[in-house]
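In: here is a sequence with its predicted model. Questions after.
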Amino acid sequence: MAMQNQTRNGVYIIACVAGLLLLGGASVARAQVSLPGLPAGIDRTPLERDLDRELPRRVREDTEDRVEQAAEEAERTAQSAAKAVEDTATEVTERAETLVEAASQAAGDAVDLAAGALREFVPGTDPAGLDIEDEIVVLLVEPGQADLVGAGGEQVLARQELAALGLTMLTVRRPAGRTLPQTVEDLRNALPDAAVDFNHVYRYATGSDAADGAAEDATVESEPEPEAADTRLRVGIVDSAVLPDHHAFRDTHIVARDFAAHEGERPATHGTAVASLVARSTGDAGEIYAASVFFQLPGYAPGATTESLVAALDWLVTENVDVINMSLAGPGNALLETAIEKLQANGALIVAAVGNNGPAGEPLYPAAYEGVIGVTAVDRDERIFRYANRGPHVDCAAEGVNVKVADSETGGWRIESGTSMASPHVAVIAGLTRREAQVEAGAVLSWLIASAKDLGRRGHDPVFGHGLVTRPPVVVSSN
């Protein structure tokens, strides 16, 4: 019986030890362990030694396993995090590169549209037989309407935001299956508040009669120069390019910008001649803002399109010039008329040559527009230039026959005739009058009329207008 009890007690002890091992981490006291069922006085030291050896080893192994698992898990987490960061960085970089590329492309497209990337000029005629750029329609619209253009299949070639006008100018190509006149009509119907027209071509308002003086005449004398203004007069010219290093401009500051929208040469002969007359009339006390609008293709005369004229006018007004001279002429155009009306409403003073199509010639523009001062040409004997246009739009006359002008081809001088050569002098006098008399642009013509020398029929006539303008009117202070 005693042996059976001992066996049962031994089994019980082993079961207790196993339970303690399964609990893993139970603390075993170094003092004697009180085991139920064992007689008092039995030596427990071997059991304690077994417990001391077995439990720490199991705890240590379990801890090491847990630490190792935790380290492996941490490493996996770190690797995953690093991979995620790397993937994210790569994705961000790729997206940034894509966005930069897209932005660059968009900027490039915007520059092309805004500047009007140079294109090949294809000549054509409108229903009236006037020279135009074939396939092309130009529009002036409110900025909010610009995105409506193209809905009918038109291809937008250029888009320019015009600061002085507060309008957007769009150049479009007609869609396939529609004629150019029909495209113009459709766009006018779709946008009744917009100015829509063909891209008409304008020419120099210079005479073509060699007998009127194409050769150098060393004895030609210029008219007396007006006294220089207190401050430099800012004169804008819409013309061909200007040769700025000609010695005619040694004391004249020139700011130049090209607005021609087409490929081809940029002739400088006409613009240099006109600018030299401006410099002479200001007594070298002026600044010239030269907007180049003419281009030339082989076999064709130099030309400028409506699109370029409107952009040039807008720029000159933003440059705050005192007066704008336009020694060019062409057909009436809805865009040009709208631009001039809006700019005049904001204070622009515009002077233009009436053209050289002869006494029977139709009125030419911009000189024939309301508010533009139209200038004809006379010689030193006050005789009318034989090719000058005539009509009620002729406002005044100035010397423009056999005048000495700067020559961009030789760097010297040459003789030129035409209403183009008369207009710059009146433009300078108009600008000086506006500044000295401190009058609104719309009142300048009245001042010029008051001081003009009446020629031809008494009062205003279609040949000389109100008469010959030579000097600014005398401004008498009211103080």
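Out: Cool, got the structure.
In: shaky segments in the stretch 51-200 of the chain?
Out: 51-63, 67, 70-71, 74, 77-78, 80-116 (pLDDT under 70).
In: where along it do the helices fall?
Out: 180-190 (DSSP state H, counting those that start in this stretch).
In: ok, the stretch 301-450 of the chain next?
Out: Using DSSP H, counting those that start in this stretch, helices in the stretch 301-450 of the chain cover 306-318, 334-345, 419-437, 444-451.
In: make TSV out of the ones you listed and add mean neighbour count.
Out: Where C-beta positions appear, they are placed from N, C-alpha and C, glycine not excepted. Formatted as TSV, the helices of the stretch 301-450 of the chain follow (neighbours: other C-beta atoms under 10 Å):
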stretch	mean neighbour count
helix 306-318	25
helix 334-345	20
helix 419-437	27
helix 444-451	18
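In: could I get these as a markdown table with distance to residue 394 and mean pLDDT?
Out: Putting those into a markdown table (distance: least, C-beta to C-beta, whole Å; pLDDT from 0 to 100) gives the following:
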| stretch | distance to residue 394 | mean pLDDT |
| --- | --- | --- |
| helix 306-318 | 21 | 98 |
| helix 334-345 | 18 | 98 |
| helix 419-437 | 9 | 96 |
| helix 444-451 | 12 | 95 |
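In: of those helices, which is nearest residue 66?
Out: helix 306-318 (77.5 Å; C-beta to C-beta).
In: in CSV, list the C-alpha atoms belonging to stretch 403-420.
Out: The C-alpha coordinates for stretch 403-420 follow below in CSV (Å, rounded to 0.1, in the frame of the first residue of the first chain):
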residue,chain,number,x,y,z
VAL,A,403,11.6,113.6,-99.8
LYS,A,404,14.9,112.5,-98.5
VAL,A,405,14.7,109.3,-96.4
ALA,A,406,17.1,106.8,-94.9
ASP,A,407,18.0,103.8,-97.1
SER,A,408,18.3,100.5,-95.3
GLU,A,409,19.9,98.9,-98.4
THR,A,410,22.9,101.2,-98.7
GLY,A,411,23.0,102.7,-95.3
GLY,A,412,22.8,106.1,-97.0
TRP,A,413,19.8,108.1,-98.3
ARG,A,414,17.4,108.0,-101.1
ILE,A,415,14.4,109.9,-102.5
GLU,A,416,10.9,108.7,-102.0
SER,A,417,7.3,109.9,-102.7
GLY,A,418,3.8,108.9,-101.5
THR,A,419,1.3,109.5,-98.9
SER,A,420,3.4,107.2,-96.7
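In: so how far is that stretch off the chain centroid?
Out: For stretch 403-420, the distance from its own C-alpha centre to the chain's C-alpha centre is 33 Å (C-alpha atoms, centre = their mean, to the nearest Å).
In: and the strands in the stretch 251-400 of the chain?
Out: In the stretch 251-400 of the chain, the segments counted as strands under DSSP state E, counting those that start in this stretch are 253-258, 286-292, 304-305, 323-326, 328-329, 350-353, 373-378, 396-399.
In: make TSV out of the ones you listed and add distance to residue 170, mean neighbour count and mean pLDDT.
Out: Putting the strands of the stretch 251-400 of the chain into TSV (distance: least, C-beta to C-beta, whole Å; neighbours: other C-beta atoms under 10 Å; pLDDT from 0 to 100) gives the following:
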stretch	distance to residue 170	mean neighbour count	mean pLDDT
strand 253-258	20	16	97
strand 286-292	20	25	97
strand 304-305	14	28	98
strand 323-326	23	30	98
strand 328-329	23	30	98
strand 350-353	24	30	98
strand 373-378	30	28	98
strand 396-399	37	26	98
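In: out of the ones you listed, nearest to residue 388?
Out: strand 373-378 (4.6 Å).
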